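> here is a sequence with its predicted model. Questions after.
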Amino acid sequence: MQFKVLGPIEVEAGGRVVTPQPEKLRCLLALLCVKSGTVVSRQSLTHALWAGDPPRTARTALQVYVSKLRKFLDEHGDLAGRLVTKPHGYVFELEPERLDLRGFDALCEGGPYRGAPAGAGPVPEPEEELRRLSRACALWRGPALADLRGLPAFAALGRALDEKRLGALERGFDLRLGLGRHQAAIADLYEVVDEHPMWEAVHAQLMLALYRSGRVPEALEAYRRIHTTLVAELGMEPGDPIRLLHRSILRRDPVLDVPPAGPAAGPAGIARQAAAVAAASRSAIPVVIASA
């Protein structure tokens, strides 16, 4: 059996989808999957399943749902024994390779990488990291726990998981820019900024990718769009990193034309470098005061 939480919860067995239909059963399974390997208290489970307002019979009802879940796991994968009762709750002792979330974490953290073709030579570190991140992000099928977001506990848990994906996306774009793949990244960057119109870091990455592709007016338009959005929605100006980048683009600063020495340097670092170069240049110019 394979369990998926990076999107609507889904269970596969024998090449077909066998996800349980009752919402309470899916909620129970989802929480135990996300917390697999650790004990989830009965209190946490009842709070999540009944949205903080459990009935007086919640403890008995929870035991019934656990029994039904064990029956489901036994029927489709002989895994009922992995759902273990503990003094204060339950733990789902699930192998990491059965859960997409654990696969995502392993790829992002540099776990075993099995994507390279047989016989391939040594892969440069940035290339390997980018491949890992690409494989990790490909595991996502939409917002985490998308079908359970109507329940407060799962809305919060889903948002926390989504943050992992956003961090991987941002790092991946930094790597692509650092490797000189700015043109290929533009379409993906546009897609992400459309989904997250107030995410400054990715707007900065889009601006840099457009600038390096010779599309300066579009780079300036990307800044205008996030500036307008932040002022209209939050009454605030963009932060220093993206404003420094905007100024560097207006000056067509040469620092922006060359990929950074290391992929870890993103648009914010490049903008700060450009600002420092500009400041040093201004300080080196003597001031001449003409006499009357």
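Received it, and whenever you're ready, just let me know what you need.
> in the stretch 51-200 of the chain, which spans are strands?
In the stretch 51-200 of the chain, the strands defined using DSSP state E, counting those that start in this stretch lie at 83-86, 89-92.
> those strands into TSV, with extra columns for mean neighbour count, mean pLDDT and distance to Ala58?
Quick note: C-beta positions are derived from backbone N, CA and C, even for glycine. As requested, the strands of the stretch 51-200 of the chain are arranged in TSV below (neighbours: other Cβ atoms under 10 Å; pLDDT from 0 to 100; distance: least, Cβ to Cβ, whole Å):
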stretch	mean neighbour count	mean pLDDT	distance to Ala58
strand 83-86	14	95	17
strand 89-92	20	96	13
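> in TSV: these, plus distance to Arg243.
Shown next, in TSV, are the strands of the stretch 51-200 of the chain (distance: least, Cβ to Cβ, whole Å):
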stretch	distance to Arg243
strand 83-86	52
strand 89-92	47
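> need the contact list for the residue nearest to Glu93 when sequence neighbours are not counted.
The shortest distance from Glu93 to any residue other than its chain neighbours is 4.7 Å, reached at Arg82 (Cβ to Cβ, 6 or more residues apart in numbering). Neighbouring residues of Arg82 by Cβ atoms under 8 Å, 6 or more residues apart in numbering: 73, 92-94.
> next: Glu93.
36-37, 82-84.
> mind redoing it with 7 Å?
37, 82, 84 (Cβ atoms under 7 Å, 6 or more residues apart in numbering).
> can you check Gly89 too?
Applying Cβ under 7 Å, 6+ apart, the residues near Gly89 are 39-42, 45.
> now it: how far from Thr46?
Gly89 sits 10 Å away from Thr46, taking Cβ to Cβ, to the nearest Å as the criterion.
> likewise Leu244?
50 Å.
> between these two, who's got more neighbours?
Leu244 (22 against 17; other Cβ atoms under 10 Å).
> which strand or helix spans the more buried one?
Using DSSP states H and E, Leu244 sits in helix 240-250.
> dump that helix to CSV, restricted to CA.
Extracted in CSV, the C-alpha atoms of helix 240-250 (Å, rounded to 0.1, in the frame of the first residue of the first chain):
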residue,chain,number,x,y,z
ASP,A,240,14.6,46.0,1.0
PRO,A,241,15.8,43.0,-1.1
ILE,A,242,13.3,43.3,-3.9
ARG,A,243,13.5,47.1,-3.9
LEU,A,244,17.3,46.9,-4.2
LEU,A,245,16.9,44.5,-7.1
HIS,A,246,14.4,46.9,-8.8
ARG,A,247,16.9,49.7,-8.5
SER,A,248,19.7,47.5,-9.9
ILE,A,249,17.5,46.6,-12.9
LEU,A,250,16.7,50.3,-13.5
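> in that helix, what's buried?
241-246, 248-249 (16 or more other Cβ atoms under 10 Å).
> with distance to Ala146 as added columns, please give these in a markdown table.
Formatted as a markdown table, the buried residues of helix 240-250 follow (distance: Cβ to Cβ, whole Å):
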| residue | distance to Ala146 |
| --- | --- |
| Pro241 | 31 |
| Ile242 | 30 |
| Arg243 | 35 |
| Leu244 | 37 |
| Leu245 | 33 |
| His246 | 35 |
| Ser248 | 39 |
| Ile249 | 37 |
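> circling back: most neighbours among the contacts of Gly89, which one is it?
Busiest of these [other Cβ under 10 Å] is Leu45, holding 24 neighbours.
> hang on, that residue in a helix?
Yes - counting by DSSP: H, G, I helix; E, B strand; the rest coil, Leu45 is found in a helix.
> contacting residues for it?
With Cβ under 7 Å, 6+ apart, Leu45 has these contacts: 28, 31, 62, 89.
> ok, those residues vs Tyr211, which is closest?
Leu31 (44.8 Å; Cβ to Cβ).
> any idea how many residues pack against the closest one?
Count around Leu31 with other Cβ under 10 Å applied: 24.
> wait, doesn't it sit right on Ser41?
No - contact criterion Cβ atoms under 7 Å: Leu31 and Ser41 do not qualify, at 10.8 Å.
> give the other helices and strands that whichever helix in the chain runs longest contacts.
Assignment by DSSP state H gives helix 152-178 as the longest helix of the chain. Using 3 or more Cβ pairs under 7 Å, 6 or more residues apart in numbering; DSSP states H and E, the elements in contact with helix 152-178 are helix 23-34, helix 42-49, helix 125-138, helix 182-195, helix 200-212.
> report the buried residues of it.
Per 16+ other Cβ under 10 Å, helix 152-178 contains these buried residues: 153-154, 157-158, 161-162, 164-165, 168-178.
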